[in-house]
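[1] Dropping the sequence and predicted coords here.
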Amino acid sequence: MKRSAVNAIMREAIDFLRLNRFALPPFAFWTLDDWKGKGAESREIIENRLGWDITDFGKGDYDRFGLFLFTIRNGCLDAVRKGQGKPYAEKVMLVKEDQLTPMHFHFHKMEDIINRGGGELAVEVYNATEDEQLADTPVEISMDGVSRRVPAGTVVTLGAGESITLPTRMYHKFWGLAGKGTVLVGEVSQVNDDEVDNRFLDPIGRFPRIEEDEPPLHLLCCDYASFLGAT
């Protein structure tokens, strides 16, 4: 992705979130110069990869295969395993019409995906086999506290205010329904670690490769290492 395209997506997202009265935390708007003036007090943001997260999954077609995310809060998986730190995470996501997040599951993270407003979100679900393929077995799902069993490959639609719980090793993909508008999606989950906890059915790139054709408007979480020297 070109940096100019990432910057444009950020500006569009800021406008959409403001229109929907969803406020981002102050660090969302730090510039690179602001970041260079920060010290150890901002370590949690960097280490737990809070902030902007825009991806085309390495496919080079963001509008078709892509996702906007902003991680508001998150813990550290290693710390949680030791009984320390935050055991939870929260994200806001924007999903465009027919914009697909490919089929995947999480090894450690259970999550609730919530339609906070805007359009309608389609979510397709499968169980995983022992060798991490799609199972043909019925899927036990919970939507807003109501459980039911559905056939493998069922697509559920989330309207405004509706949610689905996705336990570990439940394959899922999602997209915004055509003609309904961009979806404002919330995610409440256990700790998120995108380096080790995603299992995509087909190999893809989780983070984008950035072509630097202009300065960053705001840093992506995957920019921290290259721009701030963070590890």
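    Perfect, thanks for sending it.
[2] Give me the residue at the spatial middle of this structure.
    Centroid-nearest residue in the chain: Leu69, 4.6 Å away (criterion: C-alpha atoms, centre = their mean).
[3] any idea what sits nearest it, other than its immediate chain neighbours?
    In space, and not counting its chain neighbours, Leu69 is closest to Asp53: 4.1 Å by C-beta to C-beta, 6 or more residues apart in numbering. In this view, the C-beta of every residue, glycine as well, is placed from N, C-alpha and C.
[4] Repeat that for Asp112.
    Val188 (4.8 Å).
[5] That neighbour contacts Lys109, correct?
    No - using C-beta atoms under 8 Å as the test, Val188 is too far from Lys109 to be in contact (10.8 Å).
[6] Now do the shared contacts for the two.
    Ala89 (C-beta atoms under 8 Å, 6 or more residues apart in numbering).
[7] the more surrounded of the two?
    Taking other C-beta atoms under 10 Å, Val188 and Lys109 do not tie; Lys109 has more neighbours (20 against 16).
[8] Once you drop chain neighbours, what's closest to that one?
    That would be Gln190: by C-beta to C-beta, 6+ apart, it lies 4.8 Å from Lys109.
[9] And the lowest-mean-pLDDT helix or strand in the chain, what does it pack against?
    Least confident helix or strand, the chain: helix 77-81 with a mean of 88, by mean pLDDT, DSSP states H and E. Contacting helix 77-81 under the criterion 3 or more C-beta pairs under 8 Å, 6 or more residues apart in numbering; DSSP states H and E is no other helix or strand.
[10] List the buried residues of the next helix or strand after it.
    Counting by DSSP states H and E, the next helix or strand C-terminal to helix 77-81 is strand 88-95. Within strand 88-95, the residues that qualify as buried are Ala89, Glu90, Lys91, Val92, Met93, Leu94, Val95, counting by 16 or more other C-beta atoms under 10 Å.
[11] Return the set of residues that bridge with Gly176.
    Gly176 has these beta-bridge partners by DSSP bridges: Glu97, Leu121.
[12] Was I right to think it contacts Met93?
    No - counting by C-beta under 8 Å, Gly176 does not reach Met93; the two are 10.5 Å apart.
[13] So what are the sheet partners of the one helix or strand Thr157 maps to and their directions?
    Counting by DSSP H and E, the element that carries Thr157 is strand 154-158. Each strand paired with strand 154-158, and its direction, by DSSP bridges: strand 121-127 (antiparallel).
[14] what residues does the strand it pairs with touch?
    Strand 121-127 is contacted from outside by 95, 103, 113, 115, 134-135, 137, 139, 141, 150, 152-158, 164, 166, 169-177, 183, 185, using C-beta under 8 Å, 6+ apart.
[15] In ChimeraX, select just the buried ones from these.
    Buried subset of these, written as a ChimeraX selection, criterion 16+ other C-beta under 10 Å:
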select :95,103,113,115,135,139,141,156,158,164,166,169,170,171,172,173,174,175,176,177,183,185
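[16] Quick one: list the elements packing against the following helix or strand past the strand holding Thr157.
    Proceeding N to C from strand 154-158, the next assigned helix or strand is strand 163-166, under DSSP H and E. Here strand 163-166 touches strand 111-118, strand 121-127, strand 139-143, going by 3+ C-beta pairs under 8 Å, 6+ apart.
[17] of all those strands, which lies closest to Cys222?
    Taking C-beta to C-beta, strand 111-118 is the member of the helices and strands packed on strand 163-166 nearest to Cys222, at 20.2 Å.
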